[in-house]
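>>> pasting the structure only:
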């Protein structure tokens, strides 16, 4: 028994942290996929499939089909499934444990809180990417198949990339919300309003939005972009991707800072 | 000295509410009882030791390490909290193994350590049932297993005997004794004062956020000059002795035992009493079977310091 303890202490720090992070990812994945919330998340993931079934029958064919799918993707997949799905998964990573009064088990473990935060984020990201990325690669060929348009693998991968980026960015922001607010519903609603009405804002302010960057990556402009997009030049793809990755890194770093200063006083929550 | 828990001018406030104030303590290894009424600051003190809350002022170090270095600090600490929440959907065994994996143990070692801890708290049979389905006593035992499974040098236990039946209490206190004898710090807070008295090497008395006394029970009592100690004397001549005790001038109350073969005497100065009593006994030729102090218990000191309010004066 003494040897096992010594083995832990003697391991290089990076190896120890990697092992700890993997352990947290495993525990968190089990909790995300085994919790009651997964039902709501699964329903959200199923929403695009249902919508595609309902609208594809009367959808136009040919080149119009691509634009039509772009609209479905923009509104349903990004606007509903990815946004609300990530909100459910990521705000709960810390807030859920505080509500269950079980966060102290993690905070009493000899793990750096930065490692804990990043590992929880990675677990949420893996779950979100698997679910919502899976839905994306399912509904695109399904829609194209129903309307009789040819399947473009490149386009499908482009949509998949946007979904994964959406999970990355929204996930990071919602992770931060979960560490900042006792009730993350209000800030989530605020962000929803900001994202939805972003197109009305001056172009200089529009850049402070996840959806602005995500939608600039769409193979075909979304419905709002088609109507209002002319006023602002969309960012280059590389700029949009880089901006979203930077935003995600900053949000996760802020969440790490918050968790590092976190104290256990469940009575306040 | 690197094997002590040290509080240096530690205060902790929750907004305007005082948690603990100006605590200076140096706790050597052994079993240490934390005693005080609700709101005295026991849980705050424990949370400060375990790094779950930070001091508003001052510094806490545990065996030379501060919570700022979590990888070294939390390896030394095991905390059985008062919180009754558990991670979602876990069995007792899964909880322990998962936490040990988060500690950094390889799967095989984590399983070994978890099994040993489960066995130690008598939870092997129930280990594969969901924690949410456990009784209060079982949850208490699984929390204890979680606290001891990585064999920490400092074990902090907030009301660990709550919900346990008498046999389980005996088994659990045996674990405390083992750990204490092995050179660990075992800090126990409990409302059950006679149990604290029975297992603790030393006691920290808290009231209103202040440490009002600290040490072993006789030591604390010795420092309390005004503490009205109760002394017992066993002798067939008890009635005669009782009639002469007030002559000593250090006795405030005398009470005969029910069998008439002994007495209790209350005195504010035990040392002075014993000196004067011995002289008088020799002069009078009394035959004394036995004598000693009757209330060197944690409960008696608690009643004096906290209930009677002598500690805050």
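Everything's here; your move. Because the structure is a prediction, the values reported are computed rather than measured. Numbering: from 1, shown residues only, chains lettered A, B, ... in the order given.
>>> give me the residue from chain A nearest chain B.
Of all residues in chain A, residue A:101 sits closest to chain B, with a separation of 2.9 Å (CB to the nearest CB). Yep, even glycine has a C-beta here, placed from its N, CA and C like the rest.
>>> For chain A, what's its nearest residue on the stretch 1-150 of chain B.
Counting by CB to the nearest CB, the stretch 1-150 of chain B gets nearest to chain A through residue B:85 (2.9 Å).
>>> Do you know the pLDDT at that residue?
Listed pLDDT for residue B:85 reads 87.
>>> Tell me where the model's unsure across the stretch 151-300 of chain B.
By pLDDT under 70, the low-scoring segments of the stretch 151-300 of chain B are B:217-228, B:295-300.
>>> tell me which parts of it are close to chain A?
residue B:151 (CB under 8 Å from any CB of the partner chain).
>>> does the residue of the stretch 151-300 of chain B found nearest chain A count as helix, strand or coil?
Using CB to the nearest CB, residue B:151 is the residue of the stretch 151-300 of chain B that sits closest to chain A, at 6.6 Å. Here residue B:151 is coil, with the state taken from DSSP: H, G, I helix; E, B strand; the rest coil.
>>> List phi and psi for the spatially most central residue of chain B.
Nearest residue to the geometric centre of chain B (CA atoms, centre = their mean): residue B:33, 1.1 Å. Main-chain torsions, residue B:33, degrees, to the nearest 10: phi -90, psi 140.
>>> circling back: count the neighbours of the residue of the stretch 151-300 of chain B closest to chain A for me.
By the criterion of other CB atoms under 10 Å in any protein chain shown, residue B:151 has 18 neighbours.
>>> What residues of the lengthiest helix in chain A count as buried?
Determined from DSSP state H, the single longest helix within chain A is helix A:153-180. If you call a residue buried by 16 or more other CB atoms under 10 Å in any protein chain shown, then helix A:153-180 has these buried ones: A:155-156, A:158-160, A:162-179.
>>> That one near chain B anywhere?
No: between helix A:153-180 and chain B, judged by CB under 8 Å from any CB, nothing touches; the nearest distance is 15.3 Å.
>>> Report all helices and strands that that helix contacts.
On a contact count with 3 or more CB pairs under 8 Å, 6 or more residues apart in numbering or on different chains; DSSP states H and E, helix A:153-180 meets helix A:83-99, helix A:113-128, helix A:134-147, helix A:185-196, helix A:210-216, helix A:237-260.
>>> Contacts for the shortest one, please.
Applying CB atoms under 8 Å, 6 or more residues apart in numbering or on different chains, the contact partners of helix A:210-216 are A:74, A:78-79, A:162, A:165-166, A:169-170, A:173, A:195, A:198, A:206-207, A:221-222, A:224-225, A:234-235, A:237, A:240-241, A:243-244, A:247.
>>> Skip the chain neighbours and tell me the closest residue to the residue nearest to the spatial centre of chain A.
With distances taken as CA atoms, centre = their mean, chain A has residue A:167 as the residue nearest its mean C-alpha position (2.2 Å). Once flanking residues are discounted, residue A:167 sits nearest to residue A:128: 4.1 Å by CB to CB, 6 or more residues apart in numbering or on different chains.
>>> The residue of chain A closest to chain B contacts residue B:87, doesn't it?
No: Residue A:101 is beyond contact range of residue B:87, at 10.2 Å (criterion: CB atoms under 8 Å).
>>> who's more crowded, those two?
Using other CB under 10 Å as the criterion, residue A:101 and residue B:87 rank with residue B:87 on top: 21 against 18.
>>> what's the neighbour count on the nearest residue in space to that one that is not next to it in sequence?
Counting by CB to CB, 6+ apart, the nearest residue to residue B:87 once its immediate chain neighbours are dropped is residue A:102, at 4.7 Å. A total of 21 residues lie near residue A:102 under the criterion other CB under 10 Å.
>>> Starting from residue A:108, give me the distance back to residue A:102.
11 Å (CB to CB, to the nearest Å).
>>> swap in residue A:11?
From residue A:11 over to residue A:108 the distance is 20 Å, taken as CB to CB.
>>> More neighbours: which of these two?
Counted by other CB under 10 Å, residue A:11 and residue A:108 do not tie: residue A:108 has more neighbours, with 26 against 15.
>>> in terms of contact, does the more buried one touch residue B:74 like I think?
Yes: when contacts are counted by CB under 8 Å, residue A:108 is listed as touching residue B:74 (5.8 Å).
>>> Is residue A:218 in a helix, a strand, or coil?
Assignment for residue A:218 (three-state DSSP): coil.
>>> how about the nearest residue to it, chain neighbours excluded?
residue A:70 (5.7 Å).
>>> Find the helix or strand that residue B:31 is a member of.
Here residue B:31, judged by DSSP states H and E, is contained in strand B:30-35.
>>> That strand packs against which elements?
Strand B:30-35 packs on helix B:42-49, helix B:166-181, strand B:185-189, helix B:193-199, strand B:202-207, helix B:298-302, going by 3+ CB pairs under 8 Å, 6+ apart.
>>> which other residues reach that strand?
Contacts of strand B:30-35 (CB under 8 Å, 6+ apart): B:42, B:45-46, B:176-177, B:180, B:185-190, B:193, B:196-197, B:199-206, B:298, B:302, B:306.
>>> Quick one: buried ones out of those residues?
Among the contacts of strand B:30-35, those buried by neighbour count (16+ other CB under 10 Å) are B:42, B:45-46, B:176, B:180, B:185-190, B:193, B:196-197, B:199-206, B:298, B:302, B:306.
>>> contacting residues for residue B:81?
A:104, B:143, B:158.
>>> Roughly how far does the residue nearest to residue A:167 sit from residue A:136?
For residue A:128, the distance to residue A:136 equals 12 Å [CB to CB].
>>> ditto for residue A:143
According to CB to CB, residue A:143 and residue A:136 sit 11 Å apart.
>>> Phi first, then psi, for the spatially closest residue to residue B:111 that is not a sequence neighbour.
Among residues not flanking residue B:111 along the chain, residue B:97 sits closest, at 6.0 Å (CB to CB, 6+ apart). Main-chain torsions, residue B:97, degrees, to the nearest 10: phi -60, psi -40.
>>> count of neighbours near residue B:97?
So residue B:97, with other CB under 10 Å, has 25 neighbours.
>>> got it, and residue A:195?
Around residue A:195 there are 19 residues (other CB under 10 Å).
>>> Apart from its chain neighbours, what residue comes closest to it?
residue A:211 (4.5 Å).
>>> What separation do you get for the one you found and residue A:162?
On the measure of CB to CB, residue A:211 and residue A:162 end up 11 Å apart.
>>> Ramachandran angles for the residue of the stretch 1-150 of chain B closest to chain A?
phi -90, psi 150.
>>> ok, it touching residue A:106?
No: the criterion here is CB under 8 Å, and residue B:85 misses it with residue A:106 at 12.0 Å.
>>> more neighbours, these two?
residue A:106 (22 against 18).
>>> I'm curious whether the helix or strand harbouring that one, anywhere along its length, sits up against chain B.
Per DSSP H and E: residue A:106 is located in helix A:103-107. Yes: using CB under 8 Å from any CB, helix A:103-107 reaches chain B at A:104, A:105, A:106, A:107.
>>> and what of stretch A:38-58?
No: counting by CB under 8 Å from any CB, chain B is not contacted by stretch A:38-58; separation bottoms out at 10.9 Å.
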